[in-house]
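Student: Dropping the sequence and predicted coords here.
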Amino acid sequence: MFGVPRFFDVGSNVAFLAAGVIGLAIVAMRRTAFASTAERWPYVALFAGLVLTSAGSAYYHLAPDNARLVWDRLPITTTLAGLLLSQVADRIGVRTANALLIPAIVVGAATVWYWRASDNLVPYGIAQGYAAIATLWIALAFPSRYTCGSYIYWAFAWFVIAKVCETYDQAIYRMLEVVSGHTLKHLAAAAAGFVVCAMLARRTVRTERASP
């Protein structure tokens with residue numbers, strides 16, 4: 001459409017860009033969303049990853065091949081590392097989260113380069129699954145120091161929807177005859193980012209009522 005090949009797979013990446021830019025703006029401007037400046041870094045990684053995913057995914061879908069797919073998958077690992085460690089910062093410890101942030105990004109990137117060198121996608125898939133499951137487990141096991149902590153469950157739900165759309169890509173296209181499951185995957189994954197934006201926009205530090 002409009003001279004753009006695979007128009008919907010390319011154009012749907014605008015949703016990632018919007019979620020990333022809005023998220024970075026909230027992190028930069030809304031001081032009450034964080035008890036300390038150090039807590040912002042995992043969220044910076046998350047939203048910067050979404051912005052880079054928008055560019056990398058659009059670049060890949062314009063002319064799909066493995067060389068371009070590297071630049072699609074690399075920022076996804078950064079986004080997932082940021083999401084996981086944002087919950088570590090909110091619920092376990094800020095120092096722990098920040099200490100693990102760079103190593104987590106490096107490990108995620110290493111799985112992408114390993115796939116590129118060996119054509120073995122297993123480590124990348126494990127890293128994605130671990131980040132998602134660990135994020136959910138931390139949310140269930142540890143209370144957030146902030147209000148609106150339950151929003152993370154809605155973000156996880158959108159992540160699951162995205163994976164379902166990806167799995168049934170062609171079946172969804174045959175059913176709808178307009179967009180594929182992959183396009184809907186982009187929109188569902190971006191929706192998870194918007195949920196995190198809403199969480200940060202509304203939350204405040206949780207205050208415990210003092211005992212008599």
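Tutor: Yes, it's here. Numbering: from 1, shown residues only.

Student: can you pull the contacts of the residue sitting nearest the centre point of the chain?
Tutor: Central residue of the chain (C-alpha atoms, centre = their mean): Thr79, 4.3 Å from the mean position. For Thr79, the residues meeting the contact criterion (C-beta atoms under 8 Å, 6 or more residues apart in numbering) are Ala45, Leu46, Gly49, Leu50, Thr53, Gly193. Any C-beta I mention is one placed from the backbone N, CA and C, and that applies to glycine too.

Student: redo that, cut-off 7 Å
Tutor: Each residue near Thr79 by C-beta atoms under 7 Å, 6 or more residues apart in numbering is listed here: Leu46, Gly49, Leu50, Thr53.

Student: Helix, strand or coil: sort out the third one for me.
Tutor: To tie it back to what came earlier, the one meant is Leu50. helix (DSSP: H, G, I helix; E, B strand; the rest coil).

Student: excluding its backbone neighbours, what's nearest it?
Tutor: If you skip the residues right next to it in sequence, Leu50 has Gly20 as its closest partner in space, 3.3 Å away by C-beta to C-beta, 6 or more residues apart in numbering.

Student: same thing with the second one?
Tutor: Of all residues not flanking Gly49 in the chain, Thr79 sits nearest, at 3.2 Å (C-beta to C-beta, 6+ apart).

Student: just how off-centre is the host helix or strand of the one you found within its chain?
Tutor: Assigned by DSSP states H and E, Thr79 belongs to helix 66-91. Centroid displacement of helix 66-91 relative to its chain, using C-alpha atoms, centre = their mean, to the nearest Å, is 6 Å.

Student: buried sites along that helix?
Tutor: Judged by neighbour count using 16 or more other C-beta atoms under 10 Å, the buried positions of helix 66-91 are 69-91.

Student: thinking again about what came up before, most neighbours among the contacts of Thr79, which one?
Tutor: Leu50 (33 neighbours; other C-beta atoms under 10 Å).

Student: That residue: what's it in contact with?
Tutor: Taking C-beta under 7 Å, 6+ apart as the contact definition, Leu50 lies against Phe16, Ala19, Gly20, Gly23, Thr79, Gly193.

Student: The residue nearest to the last one when sequence neighbours are not counted is in what secondary structure piece?
Tutor: I take that to be Gly193. Setting aside the residues directly before and after it, Gly193 is nearest to Ala19 in space (C-beta to C-beta, 6+ apart), at 3.3 Å. Under the criterion of DSSP H and E, Ala19 resides in helix 14-29.

Student: Now do that helix against helix 66-91, angle only.
Tutor: Angle of helix 14-29 versus helix 66-91, following axes from the mean of the first three to the mean of the last three C-alpha atoms, to 10 degrees, is 40 degrees.
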